[in-house]
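Q: model the following, please.
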Amino acid sequence: MVKKSFHAALESIWTTPRRTLLSGLGMAVGVAAIVVLVSLGKGVQRDVVAQVESLGVNLVIVLPGRLSPENPFNPMSFIGLSTLRAGDVTAVAQVPGVRRVAPITFVAGGAQRGDRWADAALILGTTPEWFEMRPHTLKHGRFFTHAEADKFVCVLGPKPAEQLFGDANPVGKQVRLNGKLFTVIGVTAEDSRRSLLGSGGFEFAIYAPIRALQKAMGSEQIHRVIAQTAPDQDPAQLQAQIRAAVLRSHGGSEDFSVLTQEELLSRLFTLLQIVSVALTGITSIALVVGGIGVMNVMLMSVTERVREIGIRKTVGAQQRDIFWQFLIEALLIALVGGLMGVLIGWGACAVIDRFTVLTPEVTGDTIGLALAVCGAVGLVFGVLPAARAARKDPVEALRYE
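A: Here you go, the predicted structure:
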């Protein structure tokens, strides 16, 4: 029975290709949006994991502001404030099991040389320990030392070096960081892999001694304290000791958070999932609209094919045969639209991957999810037209003009 209904539905779709494509267009838009958004989310998640893991696995990070599962957002980061100070760095360094500590300060504003700008530069104030925690390869020059803590010197990432100096060696020349002159003493050579923030996020970085940068900025704020634990120490076990040390440094005020890399990734993924679910919910509206379009087309098809329904019932077709024919037809139209949407979404992801730093990850799971949702929408919105067709009286249908 279902096999015959399937063949009848397939024949009807084959004889009206224009109607099938137009009615499936709404479904195509919704499916394409879901494929693109879910693939972008997976690509961002993969990039974040790669960037965090590039620092090593034995890290503990101290951030300003109190974070909790109920409040995963950090309002201090949004407004650029921090409660961390140099005393916190000293306190963390004294914890047994901590091998290295590197404070980090982020500075807004780009780098300038004459009329040339490196607007996308990420200016970081740190200490030489950073280059030991996250090894960099030098293309030119050297890294700064503790003896240069108050010197206005900097190390450029490959992108700022190219934007400011072209192919020339910038060592010994000066650049302005947020209006203050710094002398270039080195250039890093990051790998060429693309990710969300460039090559591991460090291709656009400009490093300077944190004390010199704080002096230039007129602020002693520290935005992150990164502790590298000894290889034989579990970062999670040292987490409580580091929290206690910073708590003493803050006089008992817990206006900070201490996270391991796993916890940091977990919180980032929670935020990504919230955004992904919200965006997927919004794009699902397009699928509902597409489903309504399929239902309208099928209802019109029932009206146009009343006589055909009457003839089929006269020669022995049962109500269930007519019902299954029209339901399968609605489902096939939805799936045709879904397949068009997958192709459109795949093409859009290829364009995004080619022309932006984003790298969408299109997987079989994503395509399967999109087509499954599409099929479910087709079934739901196909029931009413199918039921209406099945209830047609054969005598009245044959008399219909």
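Q: what does the helix or strand containing residue 216 contact?
A: Assignment of secondary structure by DSSP states H and E places residue 216 within helix 210-217. Where contact means C-beta atoms under 8 Å, 6 or more residues apart in numbering, the residues beyond helix 210-217 that reach it are 103-105, 107, 123, 125-127, 148-153, 177-178, 180, 182, 220-222. Quick note: C-beta positions are derived from backbone N, CA and C, even for glycine.
Q: I'd like the next helix or strand past that helix.
A: From helix 210-217 onward toward the C-terminus, using DSSP H and E, the following helix or strand is strand 224-229.
Q: how far does that next one sit from the chain's center?
A: In this view, strand 224-229 has its centroid 25 Å away from the chain centroid, taken as C-alpha atoms, centre = their mean, to the nearest Å.
Q: pull out the buried positions in the next helix or strand after that strand.
A: Next helix or strand after strand 224-229 toward the C-terminus (DSSP H and E): helix 235-249. Residues of helix 235-249 classed as buried by neighbour count (16 or more other C-beta atoms under 10 Å): 235, 238, 239, 241, 242, 243, 245, 246, 247, 249.
Q: and those, which two are furthest apart?
A: Taking C-beta to C-beta, the two most distant members of the buried residues of helix 235-249 are 235 and 249; they sit 19.5 Å apart.
Q: helices and strands around the one helix or strand residue 354 maps to, which ones?
A: In this structure, residue 354 sits in helix 319-355 according to DSSP H and E. Counting contacts by 3 or more C-beta pairs under 8 Å, 6 or more residues apart in numbering; DSSP states H and E, the secondary-structure elements packed against helix 319-355 are helix 2-15, helix 17-53, helix 261-304, helix 306-314, helix 364-390.
Q: let me see the contact set for residue 111.
A: With the criterion set at C-beta under 8 Å, 6+ apart, residue 111 makes contact with 117, 118, 121, 123, 156, 160, 164, 175, 176, 177, 206.
Q: and if we set it to 10 Å?
A: Going by C-beta atoms under 10 Å, 6 or more residues apart in numbering, residue 111 touches 117-123, 154, 156, 160-161, 163-164, 175-178, 182, 184, 204, 206.
Q: and if you look at residue 292?
A: Counting by C-beta under 10 Å, 6+ apart, the residues that residue 292 touches are 26, 377, 381.
Q: pLDDT at it, what is it?
A: At residue 292, the predicted lDDT confidence score is 77.
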